[in-house]
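Colleague: how would this look folded up:
(chains A, B, C, D and E, ligands or ions: 31)
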Amino acid sequence: MSKRVKLKKPRLPKLPKLKRAHKKILNDIPGTLTYTGYKDQKHVTVELIDYSPENHKYEVFQDVSNAFNKQIPGDISWINVNGLSDIEQIEKLGQHYNLHPLILEDIVDTNQRPKIDEYPDYLFIVFKMLYYNEEGVFMNEHISLVVGENYLITFQEADGDVFDSLRQRIANAKGRVRNAGSDYLMFAIMDAVVDHYFTLIEAMSDRIEDLEDVLFSNTADQDITQDIQELKREVLRLRKAVFPFREVVNRLEKIDSNLIDEKTISYIRDLYDHVTQVTDSIDIYREMTWGLMDMYMTTISNKMNEVMKVLTIMASIFIPLTFMAGIYGMNFEYIPELQMQYGYFYLWGAMILVFLGLLYYFKRKKWL
Amino acid sequence: MSKRVKLKKPRLPKLPKLKRAHKKILNDIPGTLTYTGYKDQKHVTVELIDYSPENHKYEVFQDVSNAFNKQIPGDISWINVNGLSDIEQIEKLGQHYNLHPLILEDIVDTNQRPKIDEYPDYLFIVFKMLYYNEEGVFMNEHISLVVGENYLITFQEADGDVFDSLRQRIANAKGRVRNAGSDYLMFAIMDAVVDHYFTLIEAMSDRIEDLEDVLFSNTADQDITQDIQELKREVLRLRKAVFPFREVVNRLEKIDSNLIDEKTISYIRDLYDHVTQVTDSIDIYREMTWGLMDMYMTTISNKMNEVMKVLTIMASIFIPLTFMAGIYGMNFEYIPELQMQYGYFYLWGAMILVFLGLLYYFKRKKWL
Amino acid sequence: MSKRVKLKKPRLPKLPKLKRAHKKILNDIPGTLTYTGYKDQKHVTVELIDYSPENHKYEVFQDVSNAFNKQIPGDISWINVNGLSDIEQIEKLGQHYNLHPLILEDIVDTNQRPKIDEYPDYLFIVFKMLYYNEEGVFMNEHISLVVGENYLITFQEADGDVFDSLRQRIANAKGRVRNAGSDYLMFAIMDAVVDHYFTLIEAMSDRIEDLEDVLFSNTADQDITQDIQELKREVLRLRKAVFPFREVVNRLEKIDSNLIDEKTISYIRDLYDHVTQVTDSIDIYREMTWGLMDMYMTTISNKMNEVMKVLTIMASIFIPLTFMAGIYGMNFEYIPELQMQYGYFYLWGAMILVFLGLLYYFKRKKWL
Amino acid sequence: MSKRVKLKKPRLPKLPKLKRAHKKILNDIPGTLTYTGYKDQKHVTVELIDYSPENHKYEVFQDVSNAFNKQIPGDISWINVNGLSDIEQIEKLGQHYNLHPLILEDIVDTNQRPKIDEYPDYLFIVFKMLYYNEEGVFMNEHISLVVGENYLITFQEADGDVFDSLRQRIANAKGRVRNAGSDYLMFAIMDAVVDHYFTLIEAMSDRIEDLEDVLFSNTADQDITQDIQELKREVLRLRKAVFPFREVVNRLEKIDSNLIDEKTISYIRDLYDHVTQVTDSIDIYREMTWGLMDMYMTTISNKMNEVMKVLTIMASIFIPLTFMAGIYGMNFEYIPELQMQYGYFYLWGAMILVFLGLLYYFKRKKWL
Amino acid sequence: MSKRVKLKKPRLPKLPKLKRAHKKILNDIPGTLTYTGYKDQKHVTVELIDYSPENHKYEVFQDVSNAFNKQIPGDISWINVNGLSDIEQIEKLGQHYNLHPLILEDIVDTNQRPKIDEYPDYLFIVFKMLYYNEEGVFMNEHISLVVGENYLITFQEADGDVFDSLRQRIANAKGRVRNAGSDYLMFAIMDAVVDHYFTLIEAMSDRIEDLEDVLFSNTADQDITQDIQELKREVLRLRKAVFPFREVVNRLEKIDSNLIDEKTISYIRDLYDHVTQVTDSIDIYREMTWGLMDMYMTTISNKMNEVMKVLTIMASIFIPLTFMAGIYGMNFEYIPELQMQYGYFYLWGAMILVFLGLLYYFKRKKWL
Ligand SMILES: [Mg+2]
Ligand SMILES: [Mg+2]
Ligand SMILES: [Mg+2]
Ligand SMILES: [Mg+2]
Ligand SMILES: [Mg+2]
Ligand SMILES: [Mg+2]
Ligand SMILES: [Mg+2]
Ligand SMILES: [Mg+2]
Ligand SMILES: [Mg+2]
Ligand SMILES: [Mg+2]
Ligand SMILES: [Mg+2]
Ligand SMILES: [Mg+2]
Ligand SMILES: [Mg+2]
Ligand SMILES: [Mg+2]
Ligand SMILES: [Mg+2]
Ligand SMILES: [Mg+2]
Ligand SMILES: [Mg+2]
Ligand SMILES: [Mg+2]
Ligand SMILES: [Mg+2]
Ligand SMILES: [Mg+2]
Ligand SMILES: [Mg+2]
Ligand SMILES: [Mg+2]
Ligand SMILES: [Mg+2]
Ligand SMILES: [Mg+2]
Ligand SMILES: [Mg+2]
Ligand SMILES: [Mg+2]
Ligand SMILES: [Mg+2]
Ligand SMILES: [Mg+2]
Ligand SMILES: [Mg+2]
Ligand SMILES: [Mg+2]
Ligand SMILES: [Mg+2]
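Modeller: Ligands and ions are numbered 1, 2, ... in the order given. As a prediction, the model looks like this:
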């Protein structure tokens, strides 16, 4: 049987399988916090970045309550929580910022799809952070964001994220971020996330090209059905992560909230342009991927055609010749040809004629 | 012929076939109650759960009228009717709570699709309860719900449901339920139903993986056409049950009714998130299932290719050799080669050369 | 060649082919009445059912004008016209009830798709009555309905319909009909029509199952391409009849007309539920039908695979053996093996080894 | 190789290929008139039909300006221009009726898709006139229409149209046309065009049936791939002509223009019904056509299956028998069976048994 | 293996691959200008066309600031910037015309999809200029346009464009352009771009026809899978460039901006007609392209069928004849037929009968 393909280029690391949700949500009281995220993230780390046009402070804690009395009035505070397994920490934050129990539930439910909920004092946004971390490992993190008047809280499943460049811009007062409000910080975070979607799009494009290369190279009988099926699955999962997020950004652009400054709207519109570029690409790769199976099918059929031609040519030439030889292998008492002096050579002549005739026939049919 | 697959993992029990509706509805007076549900559910059981922040009462009756005078004023009453075959019981309830004849008809018509009807004094909601019962049997129950100011009635086809955890929460005063109104109870019931949809989604995911495993394992010639067709049918039926229910939840979120408290709306929105997660997954599995047939087709073709190669190689090698042997089996009086002393061995030499040449040819073509 | 299937279960009688419309409408003056219906319906029959809560009268005439002066003031009159071939009769009715010429044209144009037109004094509704008549013949009748303040006129292509149960309910004063207006009568007529759509849905479901049974039974080589194609055509035609009718019912539910009583709206909503159940089912059967062709294709390929395996096994085993026998059928003067005493038996031994080796090879490949 | 089909029934004449537009529009000043229509239409003919309830006049000219001073005040004037190659004529009309340069451009641009433009004093409508002319030749004409208060101008690519019946109705004062305004004339013209769409629908239906007949008849190996591809192309082109025209009629029904009389709206709605019937049919034929290719594929596979069976049966029966004969053609010195008196007949017996055994095997497999 | 096709007609030059966007946008400050365009365009050229009904001036500079003080008050200034690699130049323009940093970012980001942004003082439009340049090389240029009260700036990736005819119209005062405002100039630019889309549509149509010709000609075994896949990719990319541009034109038609004169709206509507013609054609070619793969598959199967027939006929005729000869090659002591005087000739007679019988059989089956 044909073997699996060994693809040469680096491939898109497989996205983790859809996690089983029911263990969590079955028979739960609505508003109950149940952690469904990465198993190896045991501890919680809390970062506080406090800034104003003039000031900047960066601190790391193991307990969220440390962050509460460190905020400087009038500044913007970005509290970033890495790790969702310690429910107590999340609940403390919830109490301090007066967050609805359903929000807390969604923060730790990694199956929650991207969405935006408007509350009077804050906006709550859920999305997926997809990126290759510094060791080149593919990460698919559930991320939630609460943005209030002068604070912003992000919740991540695990350590490591795509915000290092943003942290430096805040530290070094580069760009608009130090002079703008928490709404611009919200934009900058989402912008960094969307920028990293493009790396996935590229990896997917490479992978489709790899499979096409396998299809168009005739050197080996590789079975790529399984690869195509996996690619389909990943395109569908990428869609599932990005398309609802586009709706989130779209609604954010049209929202009527005094949390969002007029000037920030241009930036959100720009973000929407970029997410749309991602979704456009996903749809193109989707169509290309679905077409791969049909292409593979014709490739198989073309190969079978070739196999059949070899068989047909070999059999069609040698079966009649064998019959001719069989005739003169018979033991009839009286077979006049057998007694002719050059009978054997005449037969060879006849066989060569038949052979050439059949060769010509297959040549004319372009089978040779 | 190839045999049916024996799948190793437990599989999704088949959903019952679409029930024949016309026996019921043909030539009926609109508003006539005709039971179309499970045949083995002969009796009707009525549960009354009466609760307020302070009180809680649980009683079971065989006749609905027993429930009417047991309600404590100011409490919330949840009347749960198990079994729809006793039309009279349904009608008694209808009279007591002043329900429209068309509602009663829909309660007992198990073919009714999920929907919501608004009436001035109550809301009427129909949906499907899909779950594995305690014996692991798959249940697909028609369920209706009437919610009024301080009461809520549920109608189920048969005993057994997914509300045991909710009953305990009411009994033990856990969560919000004892302190909230009938609208929150309505949410809690629908939430329990949706939580169980996830178990089906998981079973479906397992089944698709099983079929993929069969496809990618080359050990046996199993005919999975029938399995794929059944899977398609079930995906379509699941869609039929869940998608209209999503619309019901969506309309519930936007409804302008004084039966629904402002605070409950957040919970309904949360419910909508969960149903949407279910429908997103169904659509992904739908695409995966439809793709299985194409995958199976290429798998068959790949196998046929392999069969043809074996035939072609065997025939292409031995037919010419047989011809060569046939030549020297002829009885011509004068065949010079036959008289050569080592003619037989020379021929073997020639035959081995032809054999090796053909082997090399097939090797180079990667058919070996 | 493979033969057509003989299906065992009774099948859905084929819907009549799409009628040719242009003979009628080509070069006609708009508003011209041209009959395009069943050819064997030559006469026209007019039924008058006149009723009020107290009275009930049933009469049959050969001329519509007989019906005009038989109406009792204050009653509801249902005039049912069977047969559209007598244009004059239709025009008399049109004059008496002041109907627009375009309505009269649509009444007799059996190609008109389902629709609703609102006029100040009446509503005009077109739909298709699909049913099996009392002799089990499938009927696809064009039916139109005009409903005014206290009258309702139905126009049918031919004798026989699905309203007998309704007529009895009127005669026996069962249900709401005698106490309600012409709007409820309109609902009751449409309800009877929709109830009969379910019989078609069932017949279609049976037929798909029949075809699946043929596909999954391996006993015969039946060519079901044609059956699948016919099934597709019928699914498409059913869609064409039912989907626009659903829009008609939907608009009827939302219409702002003083002809429709507030109480009747609940019944129309119930009707809409039922039509939606029909359209949901049609869409499921549509997907199943479209999938049948792919399934059939894999079935054919599976069969071919099996045929090829038999050929490959037979040829791969006996061609080498024949070659071996051929070797010792040669007439070389010196073939040492031929002179060995047990040479013949040694060869048999070798041939049996080759035979068993090939058997083992095919066994290991699971081809046996 | 298989030959092209010779279809017996008359077929839909092929629609002309999509015309190349860029020669016209590339680097043109917007508003420039460039003729892109039929090459053999050299001259321009202008018809003037002037009518009122009392009067009727019909005249033909070679120059449009002749028509201007022939109009009787208070009458309706229908100016029909056959031939668009003489740009000057179109411009004269444009000046007299004060038409926008972009309208004149669209009139002569035969690639313009169906559309409606509203101007304060007139409506401008573009559509396609599809019909078989009197010699049975298929015509696909670009037609534009300008309708003002008391005049209507039509522009056609070539002589010959579908309006003869309408001209007679005007001449003979049949129907509403003489008593109605230019808006009713506009409707009557579009109605005649739509009536002729039905002839194409019918021709398409015939052609699909022809191809199905070829598919289901097993008499010949006709390659219908090309026919199916052409049919697809034509379905797509028909859609391109009719679907935007449906939008034109739809907008005409809802337009708020004092050029359109209230009474005419009913007629436009009737027209919309008819265009919708055409588009419904196109969508059905579209699905049927797309299904033909899959059907053809299964037909080919079925045929190959049959070919393979014949090969397998012949080879599986005669290869073992030939082997048996080969055994006793060997020249071993000691082959005991050869010396048996009835050895030859015993062998025949064995061969007949093998033959019957294989026959039985293939019979049981239903291959015979 | 089958070789790639050598197509005879000139083909659509391949569109450049999707450019990798993330190098640019990853970890950037929003509003940062990063050039992602053609690498060989090193310099920047600035054209200034200044015109009024009376005056016209044309100048070329190497630095944008030269253009600023050359404008004549009251005139319309068209500043065309060729080359985006010199970020400084773009920023100078941005400062002079007070453009938002996000606009500058989009101008140099060649991955930006077509869009329109409204700002109080100007409109910002992005689209793609697709054309064959004067050397016949296919160009896919990112182009941006800023239109203000009396100025218009265009930004192109490289030298060479489709505006030469427009420049001449301005120079020679042909058409409306010299007498109209910057809004008409904007229209004229977009109109020239759309006119060139038609050349691509044509090239695509030619290419589909070429592939169909290859499919329908049976002379060679060309593998066109790869060509079809590339065609699909290009159709998808063309869609990606043109469909969002249609939305831009649509929004421009409905925009409420005092920059756009009432009279220009008619021209924009005309432009919309033309873009829609392009998108209609793309959708038709899309369906045709997707159908090519299915067509190719049936073509392969037809060819395999033919191969199999040749094999089956040759094998079915000669295998039984060889068996007959084998019978009389046996060495049994007593084979009565061998001793008959004309036994050999009787056998020939029998073999000819078998041969003719099989020929007749295959003839009747239409395999010959
Ligand atoms: Mg829950
Ligand atoms: Mg959740
Ligand atoms: Mg993280
Ligand atoms: Mg960005
Ligand atoms: Mg941007
Ligand atoms: Mg009923
Ligand atoms: Mg019902
Ligand atoms: Mg139950
Ligand atoms: Mg829940
Ligand atoms: Mg939630
Ligand atoms: Mg497919
Ligand atoms: Mg007509
Ligand atoms: Mg009609
Ligand atoms: Mg009837
Ligand atoms: Mg009903
Ligand atoms: Mg109901
Ligand atoms: Mg398919
Ligand atoms: Mg132009
Ligand atoms: Mg044009
Ligand atoms: Mg004409
Ligand atoms: Mg008409
Ligand atoms: Mg009509
Ligand atoms: Mg297909
Ligand atoms: Mg297919
Ligand atoms: Mg390319
Ligand atoms: Mg950025
Ligand atoms: Mg950008
Ligand atoms: Mg350029
Ligand atoms: Mg143009
Ligand atoms: Mg135009
Ligand atoms: Mg396909």
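Colleague: how many other residues sit next to A:Phe323?
Modeller: 23 (other Cβ atoms under 10 Å in any protein chain shown). Quick note: C-beta positions are derived from backbone N, CA and C, even for glycine.
Colleague: how about the residues of the stretch 151-300 of chain A by ligand 8?
Modeller: With Cβ under 5 Å from the ion as the criterion, the stretch 151-300 of chain A does not come near ligand 8 at any residue.
Colleague: next, work out how far apart the closest residue to ligand 29 within the stretch 151-300 of chain A and ligand 21 are.
Modeller: With Cβ to the ion as the measure, A:Asp280 is the residue of the stretch 151-300 of chain A nearest to ligand 29, at 25.9 Å. Distance, A:Asp280 to ligand 21, by Cβ to the ion, to the nearest Å: 43 Å.
Colleague: next: A:Lys42.
Modeller: Distance, A:Lys42 to ligand 21, by Cβ to the ion: 76 Å.
Colleague: thinking again about what came up before, quick check: closest non-adjacent residue to the residue of the stretch 151-300 of chain A closest to ligand 29.
Modeller: Spatially, and ignoring its direct neighbours in sequence, A:Asp280 is nearest to E:Lys240 (5.8 Å; Cβ to Cβ, 6 or more residues apart in numbering or on different chains).
Colleague: residue contacts, that neighbour?
Modeller: A:280, A:284, E:113 (Cβ atoms under 8 Å, 6 or more residues apart in numbering or on different chains).
Colleague: how is it assigned, secondary-structure-wise?
Modeller: Assigned with DSSP: H, G, I helix; E, B strand; the rest coil, E:Lys240 falls in the helix class.
Colleague: just the pLDDT for it.
Modeller: The per-residue pLDDT reported for E:Lys240 equals 92.
Colleague: check A:Lys23 too.
Modeller: Turning to A:Lys23, the model gives it a pLDDT of 46.
Colleague: from A:Ala241, how far off is the residue of the stretch 151-300 of chain A closest to ligand 29?
Modeller: As for A:Asp280, its distance to A:Ala241 is 16 Å (criterion: Cβ to Cβ, to the nearest Å).
Colleague: ok, the two, which is more surrounded?
Modeller: A:Ala241 (20 against 17).
Colleague: how would you label A:Tyr131: helix, strand or coil?
Modeller: In three-state terms, and counting by three-state DSSP, A:Tyr131 is strand.
Colleague: burial count for the closest residue in space to it that isn't next to it in sequence?
Modeller: Counting by Cβ to Cβ, 6+ apart, A:His196 is the residue found nearest to A:Tyr131 once chain neighbours are left out, at 4.1 Å. Close neighbours of A:His196, defined as other Cβ under 10 Å, add up to 19.
Colleague: closest point of chain A to ligand 2, which residue?
Modeller: For chain A, Cβ to the ion, closest residue to ligand 2: A:Asp109, 3.9 Å.
Colleague: how near is that residue to ligand 8?
Modeller: For A:Asp109, the distance to ligand 8 - Cβ to the ion - is 28 Å.
Colleague: need phi/psi at A:Leu271.
Modeller: Taking degrees, to the nearest 10, you get phi -60, psi -40 for the backbone angles of A:Leu271.
Colleague: could you give the angle of the helix or strand encompassing A:Met293 to helix D:262-327?
Modeller: Per DSSP states H and E, A:Met293 falls inside helix A:262-327. Relative orientation of helix A:262-327 versus helix D:262-327 (axes from the mean of the first three to the mean of the last three Cα atoms, to 10 degrees): 40 degrees.
Colleague: so the closest residue to the residue of chain A closest to ligand 2 other than its chain neighbours is in which element?
Modeller: Leaving aside its sequence neighbours, A:Asp109 sits nearest to A:Thr36 (Cβ to Cβ, 6+ apart; 5.9 Å). Secondary structure from DSSP H and E places A:Thr36 outside every helix and strand.
Colleague: wait, A:Thr36 touches A:Asn111, no?
Modeller: Yes. Using Cβ atoms under 8 Å, A:Thr36 makes contact with A:Asn111 at a distance of 6.3 Å.
Colleague: how near is the residue lying closest to A:Leu185 once chain neighbours are set aside to A:Ile170?
Modeller: Distance criterion Cβ to Cβ, 6+ apart; nearest residue to A:Leu185, sequence neighbours excluded, is A:Leu152 at 5.2 Å. Per Cβ to Cβ, A:Leu152 is found 12 Å from A:Ile170.
Colleague: A:Ile319 now?
Modeller: Taking Cβ to Cβ, one finds A:Ile319 at 83 Å from A:Ile170.
Colleague: and stretch A:133-146, anywhere near chain B?
Modeller: No. Residues of stretch A:133-146 are not located near chain B by Cβ under 8 Å from any Cβ of the partner chain, the shortest gap being 12.8 Å.
Colleague: so which residues make contact with that stretch?
Modeller: If you take Cβ under 8 Å, 6+ apart as the criterion, stretch A:133-146 is touched by A:12-16, A:37, A:84, A:97, A:99, A:103, A:106-107, A:109-110, A:112, A:122-132, A:152-158, A:160-161, A:186, A:189-190, A:193, A:241.
Colleague: one more pass at 7 Å, please.
Modeller: A:13, A:15-16, A:37, A:97, A:99, A:106-107, A:110, A:112, A:122, A:124-132, A:152-158, A:160, A:186, A:189 (Cβ atoms under 7 Å, 6 or more residues apart in numbering or on different chains).
Colleague: and ligand 3, is stretch A:64-80 touching that?
Modeller: No. Judged by Cβ under 5 Å from the ion, stretch A:64-80 stays clear of ligand 3, getting no closer than 8.8 Å.
Colleague: buried residues, that stretch. List them.
Modeller: Within stretch A:64-80, the residues scored as buried using 16 or more other Cβ atoms under 10 Å in any protein chain shown are A:64, A:67, A:71, A:75-80.
Colleague: hang on, the earlier thing: quick one: the residue nearest to A:Asp280 from ligand 10, how far?
Modeller: With distances taken as Cβ to the ion, E:Lys240 is found 35 Å from ligand 10.
Colleague: on that earlier part again, may I see the contacts of E:Lys240 arranged in TSV, with pLDDT and distance to A:Asp273 as well?
Modeller: Formatted as TSV, the contacts of E:Lys240 follow (pLDDT from 0 to 100; distance: Cβ to Cβ, whole Å):
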residue	pLDDT	distance to A:Asp273
A:Asp280	94	11
A:Ile284	92	17
E:Arg113	93	7
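Colleague: okay, stretch A:282-292 in CSV with CA atoms only?
Modeller: In CSV, the C-alpha atoms belonging to stretch A:282-292 read as follows (Å, rounded to 0.1, in the frame of the first residue of the first chain):
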residue,chain,number,x,y,z
ILE,A,282,-9.1,31.8,4.7
ASP,A,283,-11.9,31.6,2.2
ILE,A,284,-9.5,31.3,-0.7
TYR,A,285,-7.5,28.6,1.0
ARG,A,286,-10.7,26.9,1.8
GLU,A,287,-11.7,26.6,-1.8
MET,A,288,-8.2,25.5,-2.8
THR,A,289,-8.2,22.8,-0.1
TRP,A,290,-11.6,21.5,-1.1
GLY,A,291,-10.3,21.3,-4.7
LEU,A,292,-7.3,19.3,-3.7
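Colleague: any idea how far it is from the middle of the chain?
Modeller: 12 Å (Cα atoms, centre = their mean, to the nearest Å).
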